[in-house]
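> Quick one: sequence plus predicted model below, questions after.
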Protein chains: 2
Amino acid sequence: MARPKEFDGEVALAAAIALFSQHGFEGTSTEALLRAMKISRQSLYDTFGDKRQLYLAALRRYNEENVAGIVRALTAAPTPLTGVEYAFMAFIAKAVASGHPSCLGVSAVCEFGRADAEVAAIGDASAHTLAHALETQLIAAQAAGEMATDVDVPTAAAFLGATLAGLKVSARAGAGADTLRGVARLALKSLK
Amino acid sequence: MARPKEFDGEVALAAAIALFSQHGFEGTSTEALLRAMKISRQSLYDTFGDKRQLYLAALRRYNEENVAGIVRALTAAPTPLTGVEYAFMAFIAKAVASGHPSCLGVSAVCEFGRADAEVAAIGDASAHTLAHALETQLIAAQAAGEMATDVDVPTAAAFLGATLAGLKVSARAGAGADTLRGVARLALKSLK
DNA sequence: TTAATTCTGGACAGATCAGTCCGGAATCGC
DNA sequence: GCGATTCCGGACTGATCTGTCCAGAATTAA
């Protein structure tokens, strides 16, 4: 009946994520998006609706993948606490390897704070998921005797989340992999 | 001879800092700046030259004050390590009291990364000053027996800087004062 | 072939942006 | 009062931005 879509929506969204995370929402023009996503103007509006809706879709997808990657690293490790270490080190390796480290989640928080309800809701959802995963991991670490039991688990999870954000900002500011790894190791030390 | 300036340049710059840190460089229009700074269009261009130059001036001033505030807290405390604690807690109290926590320094890093050489240089300068102050403080803490001597001081300083950035992002994302204080306490624990 | 759908490229409108310029009022020293 | 300087409000230009629209080519199924 009809000609099928030629471009891959997921690939195009990945390009949008890269651009938005480098320059923010306001700093990214639609024409720059069209070039990076390699689609025509009409295709963008037909497929994603709007620059804002595209941004929200990019943010949702980035956050989901980001949290999923961390959870994957957590469960892949031999013990609970080494899982946290794995997650940190994998994140650092990925950020440094990318050349221009940037995080759309942190970027969105910095650009909008809580002023944009929809953006804030997306951030809250992934933050909640991440916190939940970290808490179960830390409870397991305590049960395994890897972590001090006098540390409040929700606080520790918040601390790890803040450390991740700090690592991302440091990486974007230009910190090297060695520095970032040292920071991560020090953060883990506080749980023992 | 001439009519003197009516507005206070420092007050106007403070208003610009508030606006830029809430919405970033690209997200802040000149008209919004004029309204917030309560000066006319011509006065802005005569006094600050340019939107970009105004931004750079705001960033410089914000970073200087920010670092100066931390250094002040460091030295005001009875012992070196409690100085670090003071600095963290003072920062948290200030951020939460402001209602809409935001940091122009972190915002600039997120918005520009290392793509803008001038912005990056301003960030590097204050990061260097802060790191130096933290390192001397930590060396003093080690000498006073407050801190473990097997912790690498530059790494610990980088860790504290990253923690500060993490706290700022967490605060802007909506974390409460109690959570932030818990995070700060855990971070300090890793140095002991 | 035909009808339906998607593609590309570019034109277009309306809004907003940064930055310049002008006119007139206000405030100073002389 | 007078000249000098700064103020303000607003008009203005040229560029850029988002979003809409159109024409024609391409590709599919019936």
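Yep, it's here. Numbers count the residues shown, from 1 in each chain, chains lettered A, B, ... in the order given.
> and the residue most central in space within chain A, what pLDDT?
Taking Cα atoms, centre = their mean, the centroid of chain A lies closest to residue A:66, which sits 3.9 Å from it. pLDDT recorded at residue A:66 is 96.
> Residue A:48 is in contact with residue A:54, isn't it?
Yes: between residue A:48 and residue A:54 there is a contact under Cβ atoms under 8 Å: 4.0 Å. Bear in mind the C-beta positions are built from the backbone N, C-alpha and C, glycine included.
> quick one, what contacts the residue nearest to the centre of chain A?
A:103, A:105, A:126 (Cβ atoms under 8 Å, 6 or more residues apart in numbering or on different chains).
> Tell me how far it lies from DNA strand D.
Distance from residue A:66 to DNA strand D, counting by Cβ to the nearest atom of the strand, to the nearest Å: 24 Å.
> in what helix or strand does that residue lie?
helix A:51-76 (DSSP states H and E).
> what about that helix, near DNA strand C?
No: judged by Cβ under 7 Å from any atom of the strand, helix A:51-76 stays clear of DNA strand C, getting no closer than 12.0 Å.
> Report pLDDT for the closest residue to residue A:32 other than its chain neighbours.
Using Cβ to Cβ, 6 or more residues apart in numbering or on different chains and skipping residues adjacent in sequence, the residue nearest residue A:32 is residue A:19, 6.2 Å away. Residue A:19 is assigned 95 on the pLDDT scale.
> what's the host helix or strand of residue A:19 packed up against?
In the assignment (DSSP H and E), residue A:19 maps to helix A:9-23. Helices and strands touching helix A:9-23, by 3 or more Cβ pairs under 8 Å, 6 or more residues apart in numbering or on different chains; DSSP states H and E, are helix A:30-37, helix A:51-76, helix A:104-112.
> what angle separates the shortest one from helix A:51-76?
Computed with axes from the mean of the first three to the mean of the last three Cα atoms, to 10 degrees, the direction of helix A:30-37 lies at 40 degrees from that of helix A:51-76.
> Okay, buried residues for the next helix or strand after helix A:30-37 please.
Sequence-wise, the next helix or strand downstream of helix A:30-37 (DSSP H and E) is helix A:41-48. Buried residues in helix A:41-48, counted by 16 or more other Cβ atoms under 10 Å in any protein chain shown: A:43-44, A:47-48.
> And stretch A:91-107, by the same measure?
Buried, per 16+ other Cβ under 10 Å, within stretch A:91-107: A:91-92, A:95-96, A:101-107.
> Adding pLDDT and distance to DNA strand D as columns, could you present these in a markdown table?
Putting the buried residues of stretch A:91-107 into a markdown table (pLDDT from 0 to 100; distance: Cβ to the nearest atom of the strand, whole Å) gives the following:
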| residue | pLDDT | distance to DNA strand D |
| --- | --- | --- |
| A:91 | 93 | 30 |
| A:92 | 96 | 32 |
| A:95 | 92 | 27 |
| A:96 | 93 | 30 |
| A:101 | 92 | 24 |
| A:102 | 94 | 18 |
| A:103 | 96 | 21 |
| A:104 | 98 | 16 |
| A:105 | 98 | 21 |
| A:106 | 98 | 21 |
| A:107 | 98 | 16 |
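> so, if you compare those residues, which one comes nearest to chain B?
residue A:107 (5.0 Å; Cβ to the nearest Cβ).
> Just to check, the closest one is in contact with residue A:27?
No: between residue A:107 and residue A:27 there is no contact under Cβ under 8 Å: 9.7 Å.
> what's the overlap in contacts for these two?
Contacts common to residue A:107 and residue A:27, judged by Cβ under 8 Å, 6+ apart, are residue B:111.
> Residue ranges in chain A under the pLDDT threshold?
A:1-8 (pLDDT under 70).
> try 80 this time
The model of chain A has pLDDT under 80 over residues A:1-9.
> How about stretch A:171-186 and chain B, touching?
Yes: judged by Cβ under 8 Å from any Cβ of the partner chain, stretch A:171-186 comes into contact with chain B through A:172-175, A:179, A:182-183, A:186.
> Please apply the same query to stretch A:152-165.
Yes: using Cβ under 8 Å from any Cβ, stretch A:152-165 reaches chain B at A:152, A:155-156, A:158-159, A:161-165.
> Alpha carbons of that stretch, in CSV - could you do that?
Extracted in CSV, the C-alpha atoms of stretch A:152-165 (Å, rounded to 0.1, in the frame of the first residue of the first chain):
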residue,chain,number,x,y,z
ASP,A,152,21.4,4.1,56.5
VAL,A,153,20.6,2.5,53.2
PRO,A,154,18.4,5.2,51.6
THR,A,155,21.1,7.8,52.5
ALA,A,156,23.8,5.6,51.0
ALA,A,157,21.8,5.2,47.8
ALA,A,158,21.3,9.0,47.6
PHE,A,159,25.0,9.4,48.2
LEU,A,160,25.8,7.0,45.3
GLY,A,161,23.4,8.8,43.1
ALA,A,162,25.0,12.2,44.0
THR,A,163,28.4,10.7,43.4
LEU,A,164,27.4,9.5,39.9
ALA,A,165,26.2,13.1,39.1
